[in-house]
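**Q** Return a 3D structure for these sequence lines:
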Amino acid sequence: MTDEQITILYIDDEPHNLTAFKAAFRREYTIFIAESAAEGRKILDNNDIHILITDQRMPNITGIEFLESILEIHPNPIRMLLTGYADISAVIDAINKGQVYRYISKPWDEQELRQNIKNGYDVYMLRKKNKQLTEDLASANDQLEFLLRQKLLS
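**A** Numbers count the residues shown, from 1 in each chain. Predicted coordinates for the structure are as follows:
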């Protein structure tokens with residue numbers, strides 16, 4: 001992996017789920033927890049979050065609606081949806097609207113969730129590296145175009 005500490009935001013309206021999650025993973029990751037979408041948005045605005053895990057069924061907004069609402073401002077975190085309800089239309093919406101990387105059932109299996117976090121972080125880092133390589137290639141292309149124009153003008 002890397003020396004960088006993986007940062008996770010877990011949003012759930014049930015405080016005991018937040019407590020259990022933090023207790024299970026706090027030694028391995030930097031954990032942020034939020035009891036509402038509004039609280040989660042504030043944490044996202046003020047921290048570099050790698051993995052975003054949200055409950056599907058919350059008051060006022062579903063997990064999918066929340067994920068969809070933050071895509072433009074916070075496109076980078078890897079999104080996971082956690083729910084105790086198996087609803088195929090929610091799964092489809094999660095993938096299509098919220099760009100969800102994984103759909104995880106409650107109660108979660110700690111080892112499976114840990115592996116999903118690791119895999120999600122790997123995807124996060126690959127996307128970050130890909131973005132940097134694309135920017136470097138565009139810059140090199142601009143420099144080459146400039147040099148070719150200079151050569152044609154001389």
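
**Q** Would you mind identifying the helix or strand in the protein with the lowest mean pLDDT?
**A** Every helix and strand of the chain was ranked by mean pLDDT, DSSP states H and E. The lowest is helix 88-96, at a mean of 67.

**Q** That helix: what's the following helix or strand?
**A** Heading C-terminal from helix 88-96, the first helix or strand you meet, by DSSP states H and E, is strand 100-105.

**Q** Mind listing the strands that following strand pairs with, and their directions?
**A** Strands adjacent to strand 100-105 in the sheet, as given by DSSP bridges, are strand 78-83 (parallel).

**Q** ok so Ile8 is a strand residue?
**A** Yes - assessed by DSSP: H, G, I helix; E, B strand; the rest coil, Ile8 belongs to a strand.

**Q** close enough to count as contact, it and Ile49?
**A** Yes - here Ile8 reaches Ile49: they are 7.2 Å apart, a contact under C-beta atoms under 8 Å. (C-beta placed from N, C-alpha, C; glycine too.)

**Q** between the two, what contacts are shared?
**A** Listed contacts common to Ile8 and Ile49 are Phe32; contacts here mean C-beta atoms under 8 Å, 6 or more residues apart in numbering.

**Q** Looking at the two now, which is surrounded by more residues?
**A** Here Ile8 and Ile49 are set side by side on neighbour count (other C-beta atoms under 10 Å), and the busier one is Ile8, at 26 against 21.

**Q** Identify the residue spatially nearest to the more buried one, adjacent ones excluded.
**A** Excluding its sequence neighbours, the residue lying closest to Ile8 (C-beta to C-beta, 6 or more residues apart in numbering) is Ile51, at 4.5 Å.

**Q** quick one: contacts for the one you found?
**A** Each residue near Ile51 by C-beta under 8 Å, 6+ apart is listed here: Ile6, Thr7, Ile8, Leu9, Tyr29, Pro77, Ile78, Met80, Ile117, Gly120, Tyr121, Tyr124.

**Q** okay if I get those as JSON lines plus distance to Glu110 and pLDDT?
**A** Written out in JSON lines, the entries for these read as follows (distance: C-beta to C-beta, whole Å; pLDDT from 0 to 100):
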{"residue": "Ile6", "distance to Glu110": "16", "pLDDT": "96"}
{"residue": "Thr7", "distance to Glu110": "19", "pLDDT": "97"}
{"residue": "Ile8", "distance to Glu110": "14", "pLDDT": "98"}
{"residue": "Leu9", "distance to Glu110": "18", "pLDDT": "98"}
{"residue": "Tyr29", "distance to Glu110": "13", "pLDDT": "96"}
{"residue": "Pro77", "distance to Glu110": "21", "pLDDT": "96"}
{"residue": "Ile78", "distance to Glu110": "18", "pLDDT": "96"}
{"residue": "Met80", "distance to Glu110": "14", "pLDDT": "94"}
{"residue": "Ile117", "distance to Glu110": "10", "pLDDT": "96"}
{"residue": "Gly120", "distance to Glu110": "15", "pLDDT": "95"}
{"residue": "Tyr121", "distance to Glu110": "16", "pLDDT": "96"}
{"residue": "Tyr124", "distance to Glu110": "21", "pLDDT": "95"}
